[in-house]
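*Asks:* Predicted model and sequence below, questions to follow.
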Amino acid sequence: MPVVSMTVNGKPASADVEARTLLVQFIREQLGLTGTHVGCDTSQCGACVVHVDGRAVKSCTMLAAQAEGADIVTIEGLAKDGELHPVQAAFREHHGLQCGFCTPGMIMTAVDMIRRKPDLDEETVRDELEGNICRCTGYHNIVKAILAASREMR
Amino acid sequence: MSDAASGEGIGQPVRRKEDFRFITGNGHYTDDINRPRQTWACFLRSPHAHARIRSIDTSAAEAAPGVVAIFTGRHVADDGLGGLICGWTVTSKDGTPMKVGPHPILALDTVRYVGDHVAMVVAETLADARAAAELIDVDYEALPATVSLSACQSAGAPQVHPEAPRNTCFEWELGNKAETEAAFAKADRIVKLDLKNNRLIPNAMEPRAALGEFDKGTGIYTLHTTSQNPHVARLVLSAFVGVAPEHKLRVIAPDVGGGFGSKIFIYAEETACVWAAAKVGRPIKWTADRSEAFLSDAHGRDHLSHAELALDKDGKFLGLRVKTVANLGAYLSTFSASVPTYLYGTLLSGQYDIPAIYVEVDGVYTHTAPVDAYRGAGRPEATYLVERIVETAARETGIDPAELRRRNYIRTFPHQTPVIMNYDTGDYEASLAAAMEAIDYKGFPARKAEAAKRGMLRGIGFSSYIEACGLAPSAAVGSLGAGVGLWESAEVRVNPTGDVEVLTGSHSHGQGHETTFAQLVASRLGIPLANVEIVHGDTDKVQFGMGTYGSRSGAVGMSAIAKALDKIETKAKKIAAHLMEAAVEDIVFENGTFTVQGTDKSLAWAELSLAAYTAHGFPSSEIEPGLKEGAFYDPTNFTFPAGCHICEVEVDPDTGIVKIAKFVAVDDFGTIINPLIVEGQVHGGIAQGIGQALLEHGVYDADSGQLITGSYMDYCMPRADDLPSFSLGFTTTVCPSNPLGMKGCGEAGAIASPPAIINAVTDALGIRDIEMPATPARVWTALQSVASRAAAE
């Protein structure tokens, strides 16, 4: 079995994996970082979004081997020195989550969205969330939280 | 500091206590939990909607790498395990009980829907289990399937169960047939409408999952599972399926990623995992992939109805008669029989004073996945029917839709409807007026004209809904066929340091109980919110509970906590009286402090809590040491949340795309503990209602019975760009039927919104009806027929 090595949340991570191992399986099963979720099998729901070299990626759609040498950040690595990331804080402040299952993917997507588009408006946020499905919130408060975080991060 | 001053009390938008773990990736959902020596299960499912199993050959699969064991229906039957049950018995109008076909955990000789469970493979890894399942050779004799709801009762239709001729499980009725016929006989106008309520697939974002374990030393089974009601799961698995005695079975529902009804039920996979864990002597994990969830989670809705409304010359409703055929799928699920009957027929009076109502419902089997409660469960179907026919009546009589509703609102309470329910309180005019104000009803013609200039068709639609929540008085549901009581339990444990654990039989899977329940306790005891822990979801910790569904956790679950808190206060006052050498009746408890009336003597909550456990010098005959009380609360009535939702849509005639231009919801939920959380519940409900009205449809191929909408590429889940932001408002009539005055808010959005949207779409198009979901293709097609009709005229 091939050995894959990458940096995950600032720490080196390495394991022997079957070639077919998905990045999300590597993160959840090999590293035990279960904050990244799997909500579908067709790359639609976005519960598995992590950052690969700073970009939001659906980790169910990438082989672990493709992430060789990459810098990965998962939801567990987003808060720094005990301080919530502004997007995490905004989701809490604006009740942008209910059951919490889609939330890690939503937050990771939102962080990347704000990085790419600092001047977000509601329509853009809704359009950008096309790849993240939430069944609980009706997106109302997710959109509100992302807009608030983007204002704060300007 | 008092709770009001700290912003943590009842009515405050407290930020959720549970959020920290979810936003940092520290939640613990079932699939996140792993055990040493754990194995993985994969279920081999039927590829046929209907087939006889001639034989199953597992020899090649057993020899495959990593396989630990393979189980079929024969193993289950040989072990004496019972089948899955329906916990509600419906009686037909001829007095016979519903006709129930067996529901085995793994199929014995027949499969009855695509996705039905044929075998369970247990292996070292999930990949091994899946690969081995491919090697099982099942010799099927494919049989014709019954898929169509409209044709399933006809003479030649293939039979799902021999026990139920014409695929009819029950022929139920409610109301007064003779009075209703008399009302129609004297009517000035009769409005008729045929309606379909489309099949929905729930799609909680966390798929169902199970981790079954067996401890050989103690004989105790443990099941971690995605359940809305772990105690009910344990009861069914113990008393009916016979997996283990109740005291030897622990069911834990840890963090659960949404339910919407679909995780109430006791399914085959979870049952098989915990049962087989003892057979293989190792833990067994199973997590559905999304395709399995589409195939095997209980679906929702799926009705065909004919409705007739009788009116007098002034537009006053005289009577309503309804005939509905409700799809139950291939097997009865845990509560499926109650949904199209007692949760549907009983709400057909809506917000209106209708003197005579008669409804007939045929519950029927088809070769499709079981259908059971999905957010709203029966009440969305009732509301859709009532609000669509009332809107149709408004258009046929030329009376303004708001005015027609006003003329018929119930205005005095309590109000006994002809269909069991006794509405305790409400003010329907208030929510209608507030919603009309919020959407600027007067300005609608101008907005419509402005839209027309842009080539767009603008329409407006009302929905004045009512639901029955707070399920439910045990005696009432027992008399209607329920196999359970629907009370709730609570236990309040005060620790010696004064912090508090509250054990509740409710279960939170997104509703925020850890916050709202704590708000109640903290405000009542005058302690910080941070000092209250809400414990739920574990049968080893909480003695018993009925779980969370039917918007019951606040009205019933919190009422149980309130009752336990009453007992805590009574005992605490006794202790305070002893410690301060005063009479019990002179003790006042306020803001966390006990005082003796008319003196400067006082005792803080923490001091009293410690004293309760040191118990020095207690008169032992009068005061026991400790401070812990439990309560069971059985509601005296259902609660009746109600309100008015108004939707404005714009239809693009070139594409048929419907855009929701404005959506206003004004709801009366009685007392609101946390408005932030309540608003979130309404948002989510409306989104699911918009999904039903415009996007979602569970479709089976009419001939083969294959599920056509089996993934997120085929089943249209609402995305952020399908939805608008919502405008919410609240009116309040306090519920007199529980101590907190709460009504429930979890389902309102899903119940109220579909008819508001379809009323708006049909208004925009100038047509009588359009089937849900009103997809661009359907809307465009409808527009073409309007245009060709106009051309012909």
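*Replies:* Structure received.

*Asks:* The residue of the stretch 1-150 of chain B found nearest chain A: which element?
*Replies:* For the stretch 1-150 of chain B and chain A, the shortest gap (C-beta to the nearest C-beta) falls at residue B:25, measuring 1.9 Å. The C-beta positions use only the backbone N, C-alpha and C, and glycine is treated the same way. Of the helices and strands defined by DSSP states H and E, none includes residue B:25.

*Asks:* Please tell me how far it sits from residue A:107.
*Replies:* The gap separating residue B:25 from residue A:107 is 9 Å, by C-beta to C-beta, to the nearest Å.

*Asks:* ok, the residue nearest to residue B:322 when sequence neighbours are not counted - contacts?
*Replies:* Leaving aside its chain neighbours, residue B:322 sits nearest to residue B:359 (4.3 Å; criterion: C-beta to C-beta, 6 or more residues apart in numbering or on different chains). Each residue near residue B:359 by C-beta atoms under 8 Å, 6 or more residues apart in numbering or on different chains is listed here: B:173, B:174, B:175, B:320, B:321, B:322, B:323, B:324, B:344, B:345, B:348, B:419.

*Asks:* By proximity to chain A, which residue of the stretch 151-300 of chain B wins?
*Replies:* Nearest residue of the stretch 151-300 of chain B to chain A (C-beta to the nearest C-beta) works out as residue B:257 at 3.0 Å.

*Asks:* list the contacts for that residue?
*Replies:* The contact partners of residue B:257, by C-beta under 8 Å, 6+ apart, come to A:37, A:39, A:99-102, B:29, B:204-206, B:226, B:509-510.

*Asks:* Residue B:521 now?
*Replies:* B:492, B:500, B:502, B:527, B:532, B:561, B:565.

*Asks:* Recalculate using a threshold of 6 Å.
*Replies:* Residues in contact with residue B:521 (C-beta atoms under 6 Å, 6 or more residues apart in numbering or on different chains) are B:500, B:502, B:532.

*Asks:* Let me know the closest of those to residue B:695.
*Replies:* Nearest to residue B:695 among those is residue B:502, at 39.2 Å by C-beta to C-beta.

*Asks:* That closest one reaches residue B:534, doesn't it?
*Replies:* Yes. Between residue B:502 and residue B:534 there is a contact under C-beta atoms under 6 Å: 5.3 Å.

*Asks:* Could you export the contacts of residue B:359 to TSV, including columns for secondary structure and neighbour count?
*Replies:* As requested, the contacts of residue B:359 are arranged in TSV below (DSSP: H, G, I helix; E, B strand; the rest coil; neighbours: other C-beta atoms under 10 Å in any protein chain shown):
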residue	secondary structure	neighbour count
B:173	strand	18
B:174	strand	22
B:175	strand	24
B:320	strand	30
B:321	strand	23
B:322	strand	25
B:323	strand	16
B:324	strand	25
B:344	coil	29
B:345	helix	26
B:348	coil	27
B:419	coil	21
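
*Asks:* With residue B:680 as the reference, measure out to the residue of the stretch 151-300 of chain B closest to chain A.
*Replies:* Residue B:257 is 15 Å from residue B:680, by C-beta to C-beta.

*Asks:* Please apply the same query to residue B:772.
*Replies:* Here residue B:772 is placed at a distance of 25 Å from residue B:680 (C-beta to C-beta).

*Asks:* near chain B, which residues of chain A?
*Replies:* Contact residues (C-beta under 6 Å from any C-beta of the partner chain) of chain A with chain B: A:34-35, A:39-42, A:44, A:75-76, A:79, A:88, A:91-92, A:95, A:97-104, A:126-127, A:129-130, A:133, A:135-140.

*Asks:* Mind checking which of those are buried?
*Replies:* Neighbour counting with 16 or more other C-beta atoms under 10 Å in any protein chain shown marks A:34-35, A:39-41, A:44, A:75-76, A:79, A:88, A:91-92, A:95, A:97-104, A:126, A:129, A:133, A:135-140 as buried within the residues of chain A next to chain B.

*Asks:* now the helices: where do they sit in chain A?
*Replies:* Secondary structure of chain A, counting by DSSP state H: helices at A:23-25, A:86-93, A:103-116, A:122-128, A:140-153.

*Asks:* right, so these: which one is the most enclosed?
*Replies:* helix A:103-116 (a mean of 25; mean count of other C-beta atoms under 10 Å in any protein chain shown).

*Asks:* Which strands or helices does that helix pack on?
*Replies:* Helices and strands touching helix A:103-116, by 3 or more C-beta pairs under 6 Å, 6 or more residues apart in numbering or on different chains; DSSP states H and E, are strand A:49-52, strand A:55-58, helix A:86-93, helix A:140-153.

*Asks:* Kindly reformat those as JSON lines and extend each row with mean pLDDT.
*Replies:* Output for these, formatted as JSON lines (pLDDT from 0 to 100):
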{"stretch": "strand A:49-52", "mean pLDDT": "98"}
{"stretch": "strand A:55-58", "mean pLDDT": "98"}
{"stretch": "helix A:86-93", "mean pLDDT": "98"}
{"stretch": "helix A:140-153", "mean pLDDT": "97"}
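
*Asks:* Can you identify the element that follows the host helix or strand of residue B:684 toward the C-terminus?
*Replies:* Using DSSP H and E, residue B:684 falls within helix B:675-690. Once the chain leaves helix B:675-690, the next helix or strand it forms, by DSSP H and E, is strand B:727-730.
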